[in-house]
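# Here you go, sequence then predicted model.
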Amino acid sequence: MISVEGKSQEIFGGNVHGSFQMDAQYYNEDTLIGATKPDEKMAANSFLNVIYTNKDFEAGIRYEAFTPAIMGFDQRYNGSGIAYRYAKYSQDHFEITAGNFYEQFGSGMILRAYQEWNLGFDNSLDGIRIKALFPGIRITGLVGKQRIFWGKGDGTVRGIDAEFQLNDMLACMKEMKTRYILGANFVSRYQKDLDPIYKLPANVGAYSGRIAVFHGNYNFNAEAAYKINDPNSSNNMIYKPGNAVLLSLGYSKKGIGFTLQAKRVDNMDFRSDRNATGFNLPIGYIPAMSTQHAYSLPAYYPSASQANGEMGLQANFVYTFKKNGKIGGKEGMGLSMNYSVSQSINKSQINDTIPIGLSGTDGYKSSFFDIGNEKYYHDFNVKISKKINKKWMIEFSYVNIFYNVEINEGHKEPNILAQSGVVDLWWKFKPYNSLHFDQEAMFTAGKGDGNWELSMLEYSHKSYFAAIIDLYNYGNPVDYLRLHYLSFSSGYTWNTSRLSITVGKQNSGIICIGGVCRQVPATNGISLSLSSSF
Amino acid sequence: MKRLIKIIFLISLAINWSACDKISGLYKDLGNNVNGNNDTVRKVLLEDFTGHTCVNCPQANKIGEDLLKLYGKQLIIVGVHANFFAKPIPAPYDYDFRTVAGEEYYTFFGVSTNPIGMVNRVKQNNGAFLVEKGSYASEISKLLDSLSKKPDLYISLKPTFSISDSSLNLIADVTFLKNMPQGKYNLCVYITENEIIKPQKNNDPTLGTTPNILDYHHQHALRALISPNWGDEIINGIPTNGLTISKTYLSFKLGKDWKPVDCNIVAYIYYADGPKQLQIIQAQEVKL
């Protein structure tokens, strides 16, 4: 095992810090579960991040190596090199970055450059960013091109965002109990029109406005966005403008909280290359409006955001029953409930002769409040957490998911209704020693893989853990696919370094982070993960 | 300070607001091709990786057909049915379109999604040969605009087909029309078939029924290679203007269910080494 002390280093009067991660997998072929073996037998995704800071100056690089990329990641990542480098300095009211950078305007609907290592996603910008920072005011301007694997996208992204904290700006509002934040941004993509068939807009602009209000225990957020004609591969080359609205109302105080959220998205897939599809080169990001489950089986059918048409609602409620109360008992009890639903938007023909979505036309008409008939997703879940005493804790969860296979995975199959139950038990049997038992079951209706069961037993001792997991597809409609996926995991953490190893089988599935999803192939072998920071 | 903020804000707004192009009038321009029957023109090969269970592939095929209307003989399309989306599955998708060469190309060029293609196997900025379906038109246009209309070489294909035993003989004459750099030049010859009526998955209702088009007309499907998968070396040296090299292929047997009347022969010359290795220089297509 390799480990590095968790201290940054001093060099040339400045400070160097960084992090390292390596995720490696050794593959065995297993035709029964559909696990294949690459020619290399072993694959590894690695990066080393190094950041140097000296007073107002900062510079950094990230070296990445995909040797080759782990199966399930796009193999166009294969190779190694400096994927991210930048220099930044801050002086007076300005901060200037040259090179690569990540950025988000508002909720990210028209600009979000970010990285998600576990998804194999990185749409960082390479260019110049200038931030002007004054009391209550932040203005960000940027220009650059986005990363695609080891190259850059075809289009150039230009953008500006301004955010005003009114209470800090205006003397008359300083003492107000209600706080207001206003924001507006504009993003434009330039990509030359070389298409001999379509007349394409070389400059495609999108803008959004937002407001956030905080009053006592309440908070309210709203953002609305608009994009001009942007015929692209994901919308089948239609010229209809796009729009999106996100609304959120929340209340929170000790022991109770709720959130209500709504969104409507219409033709808002915005990329720096109009021909890009899949993960490649998104400028805008449409957040998911559903629970991101931590347990394996409830996370089996996750929701993917639909940038080109979706209406969603989410309600979340959390409550803590007080200690020594009738329901809470001696140690109190936590309750959380969540419901989210996502539906299509209604689309109608522009006229009698043009079918909906025909390329080279305005595509369709859609009234703002007109909900479509097709359900994309719903998730109702409830969780009860109960600390019995200082040694025992138990958690019960019930999750009910409706999953539209065609929308979330792109191939037409019957929709799936999945109901899951989870019992999670912790026993701290002596100081620094605990056992954790997780029992999950999922019952499905529709096509899918049928019913699943998962059992996990984990032992933890200070920085060490060992776990054995059995995932069993006992209800698969195909007899010979009723398989056990048995795996053993162990890990050790030392200061800022962590090493973990897993041996066994992993089922195929989909992982989603924030509504962005990646397919994970079935594997049978050994996976190793090492992370460290300094 | 307030003045400074105003100036920054207004300049930025002015720059950004001007960065919008609203398209009005006709969005599409599908003019007829202007090349007529002139055969001595630069021809581009579009290899489209496709599969009968790929729901987005009919859209790529439509793009290809639109481009054929525009470019006529200057564009040659080959549909390479390979790997996951081309695998036979229970009926009605039990037909096997796959070819040995197609599978090798799929792996060699790092294909992982469908539809995706290559335009003359030109390497892109990101180091890959592959382009998304939405880029087919612009990549072909960019390539043709950057090169002279007169080709660097001409490929003459003279097939003779025997109906009695379904065998094909082919004489391919390659004539260089200018002096070319020193290197290895390979000739590769495909046989393709049009009008294969088999099911195709589809998610675009404007192109047919969803999710299945049971009587889909598969066009330009790669059937087999007459040459080896990476072609035959025709010269390793300096091709000079006027040089003609002849290559003969004898007794190639057509598959049992192929319809000779719908079959085409597609041939191309590519750089087999050097900085443009694998890039196609010129292609040709004739009916069987």
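That came through, no problem.
# Kindly check the end-to-end length of stretch A:503-518 for me.
Taking C-alpha to C-alpha, to the nearest Å as the measure, stretch A:503-518 stretches 22 Å from start to finish.
# What average pLDDT does that stretch get?
Averaging pLDDT along stretch A:503-518 yields 79.
# now stretch A:395-403
When pLDDT is averaged over stretch A:395-403, the result is 97.
# for chain B, what spans make up the strands?
Using DSSP state E, the strands found in chain B span residues B:44-50, B:75-81, B:116-119, B:131-132, B:153-162, B:167-176, B:183-193, B:196-201, B:212-218, B:221-225, B:232-237, B:244-253, B:263-271, B:280-287.
# Give me the sheet partners of the first one and which way each runs.
The one in question is strand B:44-50. The strands that strand B:44-50 pairs with in its sheet are strand B:75-81 (parallel), strand B:116-119 (antiparallel) (by DSSP bridges).
# How about the fifth one?
Strands adjacent to strand B:153-162 in the sheet, as given by DSSP bridges, are strand B:167-176 (antiparallel).
# what's around the residue nearest to residue B:115 when sequence neighbours are not counted, how many residues?
When the adjacent residues along the chain are set aside, residue B:115 lies closest to residue B:60, with 3.6 Å between them (C-beta to C-beta, 6 or more residues apart in numbering or on different chains). (C-beta placed from N, C-alpha, C; glycine too.) Counted with other C-beta atoms under 10 Å in any protein chain shown, the neighbours of residue B:60 add up to 24.
# I figured residue B:60 was touching residue B:135, is that so?
No - between residue B:60 and residue B:135 there is no contact, the gap being 10.8 Å when judged by C-beta atoms under 8 Å.
# if I pick the residue nearest to residue B:115, what's in contact with it?
Neighbouring residues of residue B:60 by C-beta atoms under 8 Å, 6 or more residues apart in numbering or on different chains: B:48, B:50, B:115, B:117, B:133, B:136.
# same question, residue B:196
With contacts taken as C-beta under 8 Å, 6+ apart, residue B:196 has the following neighbours: B:97, B:217, B:218, B:219, B:221, B:262.
# Skipping its backbone neighbours, what lies nearest whatever residue of the stretch 401-534 of chain A ends up closest to chain B in space?
When you check the stretch 401-534 of chain A against chain B by C-beta to the nearest C-beta, the closest residue turns out to be residue A:412, at 3.5 Å. Computed as C-beta to C-beta, 6+ apart, the closest residue to residue A:412 that is not its neighbour in sequence is residue B:211, at 3.5 Å.
# who's in contact with that neighbour?
The contact partners of residue B:211, taken as C-beta under 8 Å, 6+ apart, are A:406, A:411, A:412, B:55, B:201, B:202, B:203.
# give me the low-pLDDT residue ranges for chain B?
Across chain B, the ranges flagged by pLDDT under 70 are B:1-18, B:29-37.
# how about stretch A:36-55: buried residues?
By neighbour count with 16 or more other C-beta atoms under 10 Å in any protein chain shown, stretch A:36-55 contains the buried residues A:37, A:42, A:43, A:44, A:45, A:46, A:47, A:49, A:50, A:51, A:52.
# Pick the one among those closest to residue B:72.
Of all the buried residues of stretch A:36-55, the one with the least separation from residue B:72 (C-beta to C-beta) is residue A:43, at 45.2 Å.
# For the closest one, name its beta-bridge partners.
For residue A:43, the beta-bridge partners are residue A:25 (DSSP bridges).
# right, and it touches residue A:37 too?
No - proximity of residue A:43 to residue A:37 does not meet the contact threshold set by C-beta under 8 Å, at 10.1 Å.
# okay, and the common contacts of these two?
With C-beta under 8 Å, 6+ apart, residue A:43 and residue A:37 have common neighbours residue A:27.
# and residue A:452, how far is that from residue A:304?
Per C-beta to C-beta, to the nearest Å, residue A:452 is found 20 Å from residue A:304.
# What's the ChimeraX line that selects buried ones from the contacts of residue B:60?
Entered in ChimeraX, the line below selects the buried ones among the contacts of residue B:60, by 16+ other C-beta under 10 Å:
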select /B:48,50,115,117,133,136
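# and which of the contacts of residue B:60 is nearest chain A?
So of the contacts of residue B:60, ranked by how close each gets to chain A (C-beta to the nearest C-beta), first place is residue B:133, at 6.5 Å.
# Is the closest one in contact with residue A:232, as I believe?
No - counting by C-beta under 8 Å, residue B:133 stays clear of residue A:232, with 11.4 Å between them.
# shared neighbours of these two, anything?
A shared contact of residue B:133 and residue A:232, defined by C-beta under 8 Å, 6+ apart, is any residue touching both; here these are residue A:275.
# export the contacts of residue B:60 to JSON lines and tack on distance to residue B:254?
What follows is the contacts of residue B:60, written out as JSON lines (distance: C-beta to C-beta, whole Å):
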{"residue": "B:48", "distance to residue B:254": "22"}
{"residue": "B:50", "distance to residue B:254": "21"}
{"residue": "B:115", "distance to residue B:254": "27"}
{"residue": "B:117", "distance to residue B:254": "26"}
{"residue": "B:133", "distance to residue B:254": "30"}
{"residue": "B:136", "distance to residue B:254": "29"}
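# How many residues are close by residue A:280?
Other residues within reach of residue A:280 by the criterion other C-beta under 10 Å amount to 23.
# Can you tell me how far it is from residue B:51?
When C-beta to C-beta is applied, the distance between residue A:280 and residue B:51 equals 20 Å.
# now do residue B:223
Distance of residue B:223 to residue B:51, given as C-beta to C-beta: 15 Å.
# For burial, what's the neighbour tally of the closest residue to residue A:149 other than its chain neighbours?
In this structure, residue A:149 finds its nearest non-sequential neighbour in residue A:76, 4.3 Å apart by C-beta to C-beta, 6+ apart. The number of residues packed around residue A:76, counting by other C-beta under 10 Å, is 20.
# cool, and residue A:299?
As a burial measure, residue A:299 scores 18 neighbours (other C-beta under 10 Å).
# how about the residues of the stretch 401-534 of chain A near chain B?
Where proximity means C-beta under 8 Å from any C-beta of the partner chain, the interface of the stretch 401-534 of chain A facing chain B comprises A:406, A:410, A:411, A:412.
# ok so, going back, sort the buried residues of stretch A:36-55 by pLDDT and name the bottom one.
Among the buried residues of stretch A:36-55, pLDDT bottoms out at residue A:37, giving 86.
# Torsion angles phi and psi at that one?
Residue A:37 has phi and psi values of phi -130, psi 130 when expressed as degrees, to the nearest 10.
# ok, it touching residue A:29?
Yes - using C-beta under 8 Å as the test, residue A:37 is close enough to residue A:29 to be in contact (4.4 Å).
# Leaving out sequence neighbours, find the closest residue to residue A:103.
Nearest non-adjacent residue to residue A:103 (C-beta to C-beta, 6+ apart): residue A:113, at 5.0 Å.
# so what's that neighbour up against?
When the contact criterion is C-beta under 8 Å, 6+ apart, the partners of residue A:113 are A:101, A:102, A:103, A:104, A:123, A:124, A:125, A:146, A:283.
# repeat that with 6 Å
For residue A:113, the contacting residues are A:102, A:103, A:123, A:124, A:125, taking C-beta atoms under 6 Å, 6 or more residues apart in numbering or on different chains as the criterion.
# Can you measure across stretch A:230-240, start residue to end residue?
Across its full length, stretch A:230-240 reaches 7 Å between end residues, using C-alpha to C-alpha.
# what's the average pLDDT for it?
For stretch A:230-240, the per-residue pLDDT values average out at 93.
# ok, now stretch A:142-157?
When the per-residue pLDDT values of stretch A:142-157 are averaged, the result is 95.
# got a list of contacts for that stretch?
Surrounding stretch A:142-157, the residues in contact under the criterion C-beta under 6 Å, 6+ apart are A:76-77, A:79, A:122-129, A:158-159, A:189-191, A:272-273, A:280-281, A:283, B:125-127.
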